[in-house]
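Colleague: sequence and predicted structure, then a few things I'm wondering about:
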Amino acid sequence: MSSSSPVPGAAPEDTGGGLTEPLLGRFHDGALAAVVVANANGGGNGATEKGGGGAVKAKDGYWVDVDQEPAAADLESGGGDRPLLFSNKKVKAALLYPYRVLILVRLVAVILFIAWRIKHNKSDVMWFWVTSVVGDAWFAQSWLLYQLPKLRPIKRFPDLAALRQHYDDDLPDGGGSLLPGIDVFVTTADPVSEPVLYTMNCVLSIMATDYPVDRHTCYLTDDSGSLVLYEALVETASFAALWVPFCRKHSVEPRAPESYFQLEGMIYNGRSPGEFMSEYRHVRREYEELKGRLEMLPSTIKERSDVYNSMEASKDGGAEQANWMANGTQWPGTWIEPTENHRKGDHAGIVKIVQNHPSCKPQAEGLQASNAANPLNLDGVDARLPTVVYVSREKTPGHEHNKKAGNLNAQLRVSALLSNAPFTINFDCDHYVNNSQALRAAMCFMLDSREGDNTGFVQFPQRFENVDPTDRYGNHNRVFFDGAMYALNGLQGPTYLGTGCMFRRLALYGVDPPQWRPAGDIAVDSARFGNSVHFLNSVLAALKQERRITPPELDEPFLAELAMVVSSSYDHGTEWGSSVGYIYNIATEDIVTGYRIHGQGWVSMYATMEREAFHGTAPINLTERLYQIVRWSGGSMEVFFSPYNPLFSGRRLRPMQRVAYLNFTIYPITSIFILLYAFCPVMWLIPSEILIQRPFTRYVAYLVAVVALVHAIGGFEIRWAGITWTDWWRNEQFFMIASLSAYPTAVLHMVVKAITGKGIHFRVTSKQQTAAAAEGGDDDDKYADMYETRWVPMLIPAAVVLFSNIMAIGVAMGKAVVYGGVWSAAQKRHAALGILFNVWIMALIYPFGLAIMGRWSKKPAILFVLLPVAFVVIAVVYIGLHSFLVKFLPFMVI
Ligand SMILES: O=c1ccn([C@@H]2O[C@H](COP(=O)(O)OP(=O)(O)O[C@H]3O[C@H](CO)[C@@H](O)[C@H](O)[C@H]3O)[C@@H](O)[C@H]2O)c(=O)[nH]1
Ligand SMILES: [Mn+2]
């Protein structure tokens, strides 16, 4: 075993023990206010060890085991002697069948409804009637595409104990581990829009993950070529010498220090409680110092560079603005004061090994000099660190760099030359590893004897940390991550979601899965992969499954080759970005890359771990959130008009998978019809009663029924997805708000693109600044960002709808007073139904109302006072206006 740390969670019986005895009371330490609790069986990392047995959480009560027999084909081909490394669960029949029946019932209801409408083609405004029938038909098909792939959800649980048994413990010579290598990628756009502290926490959590240290390499690709990020990485690697062994020794979770030190009660899983407190304090202090140094980096670099530059100036009189590294050489990337060849979008490619590959033998000798003052006691603890590499691809003005996809492809090539691990996993820099077993969990799927070899990627759910407790803008997206994705898991597998996804390198290279791959049928040529001979050789090695653990020698020719694979023109004329690597020219590179891999016949897996595998941050102000949605929905629609259209391409896509991808590519269009409906309340402002469909009451009854059915189905869905009504309702609300803002904007973009050929701009989602958020002090300010709604044009339709709804309700009240006596019973009923519709829309866009209140929305109760007041005022104005008109301008009466 590579790590001599105790194996968390490897106890043979998972009795589901939680925080049992607070037996380490003596560690209650005022200064730290920390509660140290011993976990009886060391299972506290929460990785679900066994799909079948063990403690089943209440929400899993709706799931039952699926038979565990290895697939017959595997038995024949001798795969049967390989272990089963994960278990499957399906939804209990008692929940699943009623759920399916209800879906069928709604389908019938919708068909009847539309048929009824067509038969009763009576309306006060015919063009409106026609549009709304088309709208209803569109809603129906859109719902069907959304719902159909959800008929057979599956949950899969990695069996970490079995993996350990077969790949770590059972080895004949007792040495090493048999686990395959993993190249871990972190992408960052720059050190300003993406705070360095997030990025470094991500790196630390990767370095400290529980995986054989000589088999995983951490690559950071900095898309800005910034010296700040390089030096931050150097600082971080040196802090890691303390942090990583500390995590191993004390089985710390999570292994991102910023989040770990924010925990209030520390759950103690390690085996050295006696040493824990003092070492905790020491590491924490060192971490604070690291943070200080990271913050100072820009000025440290500036000061150092000023010294070097003035020395240079005195030598040859030049007044260069160069940035200098600590070793006295000029930084080849961007400079603080940008000049030619040293600015964003115009700089050389850089590849630097920050932390060398560890020797293959464990060295448990403790830390070196710098920490001598209060060193950890590392007897028997593996203090080795994994390899860490800094990469920044070359940027040249006038070249298309293809944003994140281009960045990831450069990383893919650099890693092929340096470590060529058969598996890769990529993270956005604001995500981190929250469960140190997660990489092992992904491996359970890749190495399983059933579908393992045909598994192209393993996606984990995205979980977010900085979201406000009410999740006002639906950032958690649970309906998607726990509903739609479990559903796809029962088909060909989840889509790739951009971060927290492990790939088989060959799948990324566009190679077919083994079941479709006749031996030796792969063209490894420069027309496809580009001109690097080293890279082509690495592909051949990967195809032959040759393992290489030790790194290559970094001589001149090799360095030249590295520079070549990160050059800005490497991709040109090759298949990179189309059938090789991450796909270009589409704002959602993730969906389309997953699509391409599925289309070749690979399956994917959605991995469930009890302790969430990864955590990230989400935009919590409305404007940023909506921008993100514009990009996702616009990007998804771009897929429809690209060569990756799910109706016509993707040879080996399964039919339901096609349906799911088709839905992804057209759902934003639904918003056009929603927008239309949302403006209906304006009718109240028109003098006479105008009904879109007659008989109106019957029509409304049908509407209520089909809407109620959606929510009844939702009632089943939240049960199997293990989410709450709030999650469901937030999703509904956010779909509505986006339909009045982001989705129509995305549709508009598509139209513009069709005319001008220019697509959606990938704008990096702005991140909450950690310092501001963490040090803001009280709880209120922690979410200060949420109250900052920046007005942008796309908010206008939503604002108009909100405003006209308020007006409409007020006017309706006024009309009721004025005409109450003369209205027929039917008219009264119509009015009441109309109001019901208004209230429904208001309830749906409620979070938008809060958003435009800004800081006032801290006390949402104000709304419930303000709104009725507004209604009454409008009603009174209406009544006044009405009596005025009756008296003086009767021909204009409204
Ligand atoms: O030119 C660029 C732009 C972005 N990025 C990286 O891309 C990642 C995602 O960018 P972000 O702006 O945070 O996007 P989100 O809105 O949070 O992205 C979600 O949606 C994206 C598009 O579907 C996916 O790529 C992401 O993984 C997913 O988290 C970050 O690590 C960036 O550093 C680059 O490397 N280069
Ligand atoms: Mn992000």
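Modeller: Yep, it's here. Ligands and ions are numbered 1, 2, ... in the order given.
Colleague: the strands in the stretch 451-600 of the chain, which residues?
Modeller: 455-459, 501-504 (DSSP state E, counting those that start in this stretch).
Colleague: pairing-wise in the sheet, spell out the partners of residue 427.
Modeller: residue 186 (DSSP bridges).
Colleague: residue contacts, it?
Modeller: Contacts for residue 427 (CB atoms under 8 Å, 6 or more residues apart in numbering) come out as 184, 185, 186, 187, 202, 206, 433, 499, 500, 614. For the C-beta atoms, the positions are set from N, CA and C on the backbone; glycine is no exception.
Colleague: go again using 7 Å as the cut-off
Modeller: 185, 186, 202, 499, 500 (CB atoms under 7 Å, 6 or more residues apart in numbering).
Colleague: so can I have JSON lines of these showing distance to ligand 1?
Modeller: Output for these, formatted as JSON lines (distance: CB to the nearest ligand atom, whole Å):
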{"residue": "185", "distance to ligand 1": "10"}
{"residue": "186", "distance to ligand 1": "7"}
{"residue": "202", "distance to ligand 1": "9"}
{"residue": "499", "distance to ligand 1": "4"}
{"residue": "500", "distance to ligand 1": "8"}
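Colleague: in the stretch 351-500 of the chain, what residue is nearest ligand 1?
Modeller: Closest to ligand 1 within the stretch 351-500 of the chain is residue 498: 2.2 Å, counting by CB to the nearest ligand atom.
Colleague: can I assume that residue is in contact with residue 590?
Modeller: Yes - Residue 498 lies in contact with residue 590 (CB atoms under 7 Å); the separation is 3.7 Å.
Colleague: how about the residues of the chain by ligand 1?
Modeller: 187-189, 194, 223, 403-404, 407, 428-429, 498-499, 588-590, 628, 632, 762, 764-765 (CB under 6 Å from any ligand atom).
Colleague: that older thread, how many other residues sit next to the residue of the stretch 351-500 of the chain closest to ligand 1?
Modeller: Residues lying near residue 498 (other CB atoms under 10 Å) number 24.
Colleague: now the helices: where do they sit in the stretch 351-500 of the chain?
Modeller: Along the stretch 351-500 of the chain, counting by DSSP state H, counting those that start in this stretch, helices occupy 403-418, 438-446, 478, 485-489.
Colleague: from the contacts of residue 427, pick the one nearest residue 271.
Modeller: Checking these against residue 271 by CB to CB gives residue 202 as the nearest, at 27.7 Å.
Colleague: ok, that closest one - how many residues close by?
Modeller: 28.
Colleague: which of the contacts of residue 427 sits closest to residue 168?
Modeller: Nearest member of these to residue 168, counting by CB to CB, is residue 500, at 23.5 Å.
Colleague: surely that closest one touches residue 463?
Modeller: No - look at residue 500 against residue 463 with CB under 7 Å: they stay out of range, at 9.0 Å.
Colleague: shared neighbours, these two?
Modeller: residue 614.
Colleague: looking at these two, which has the bigger crowd around it?
Modeller: Counted by other CB under 10 Å, residue 500 and residue 463 do not tie: residue 500 has more neighbours, with 28 against 19.
Colleague: now do the helices in the stretch 1-150 of the chain.
Modeller: Under DSSP H, counting those that start in this stretch, the stretch 1-150 of the chain gives helices at 72-76, 93-119, 126-147.
Colleague: which other helices and strands contact the second one?
Modeller: When contacts are defined as 3 or more CB pairs under 7 Å, 6 or more residues apart in numbering; DSSP states H and E, helix 93-119 packs onto helix 126-147, helix 696-721.
Colleague: what residues of that helix count as buried?
Modeller: For helix 93-119, a neighbour-count test (16 or more other CB atoms under 10 Å) marks 95-96, 99-100, 102-103, 106-107, 109-110, 113-114, 117 as buried.
Colleague: do you know the pLDDT at residue 97?
Modeller: On pLDDT, residue 97 comes in at 97.
Colleague: any idea how far ligand 1 is from it?
Modeller: Shown here: residue 97 relative to ligand 1, a distance of 35 Å by CB to the nearest ligand atom, to the nearest Å.
Colleague: same thing with residue 879?
Modeller: Going from residue 879 to ligand 1 by CB to the nearest ligand atom gives 49 Å.
Colleague: ok, now which ones touch that residue?
Modeller: By CB under 7 Å, 6+ apart, the contact set of residue 879 is 814, 817, 818.
Colleague: could you give the number of residues near the first one?
Modeller: Other residues near residue 814 come to 23 when the count uses other CB under 10 Å.
Colleague: equivalent analysis for residue 321, please.
Modeller: For residue 321, the neighbour count with other CB under 10 Å is 13.
Colleague: which residues touch it?
Modeller: So residue 321 contacts 309, 335, 337, 339 (CB under 7 Å, 6+ apart).
Colleague: in helices, which of those residues appear?
Modeller: residue 309 (DSSP state H).
Colleague: tell me which of the contacts of residue 321 is nearest to ligand 1?
Modeller: Minimum distance to ligand 1 across the contacts of residue 321 is 19.5 Å, recorded for residue 335 (CB to the nearest ligand atom).
Colleague: would you confirm that that closest one contacts residue 342?
Modeller: Yes - using CB under 7 Å, residue 335 is in contact with residue 342, at 4.3 Å.
Colleague: of the helices and strands packed on helix 93-119, which is nearest residue 379?
Modeller: Within those, the stretch nearest residue 379 is helix 696-721; the backing value is 46.8 Å (CB to CB).
Colleague: and that closest one, which residues are buried?
Modeller: For helix 696-721, the neighbour count (16+ other CB under 10 Å) marks 696, 699-700, 702-703, 706, 709-710, 713-714, 716-721 as buried.
Colleague: max pairwise distance over these: which two?
Modeller: Counting by CB to CB, the most remote pair of the buried residues of helix 696-721 is 696 and 720, 37.2 Å apart.
Colleague: average pLDDT across the strand or helix carrying residue 307?
Modeller: In this assignment (DSSP states H and E), residue 307 forms part of helix 273-316. Helix 273-316 shows a mean pLDDT of 91.
Colleague: list the helices and strands that helix packs on?
Modeller: So helix 273-316, by 3+ CB pairs under 7 Å, 6+ apart, packs with helix 196-207, helix 227-250, helix 257-262.
Colleague: neighbouring contacts of the last one?
Modeller: With contact meaning CB under 7 Å, 6+ apart, helix 257-262 is reached by 197, 201, 204, 243, 252, 254, 284, 287.
Colleague: sort those residues by pLDDT and name the bottom one.
Modeller: On pLDDT alone, residue 252 ranks lowest of the contacts of helix 257-262, at 92.
Colleague: tally of neighbours for that residue?
Modeller: Residue 252: 27 surrounding residues under other CB under 10 Å.
Colleague: between the helix holding residue 307 and helix 227-250, how big is the angle?
Modeller: 160 degrees (axes from the mean of the first three to the mean of the last three CA atoms, to 10 degrees).
Colleague: picking up where we left off before, for the contacts of residue 427, give me JSON lines that also has pLDDT.
Modeller: What follows is the contacts of residue 427, written out as JSON lines (pLDDT from 0 to 100):
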{"residue": "185", "pLDDT": "98"}
{"residue": "186", "pLDDT": "98"}
{"residue": "202", "pLDDT": "98"}
{"residue": "499", "pLDDT": "97"}
{"residue": "500", "pLDDT": "98"}
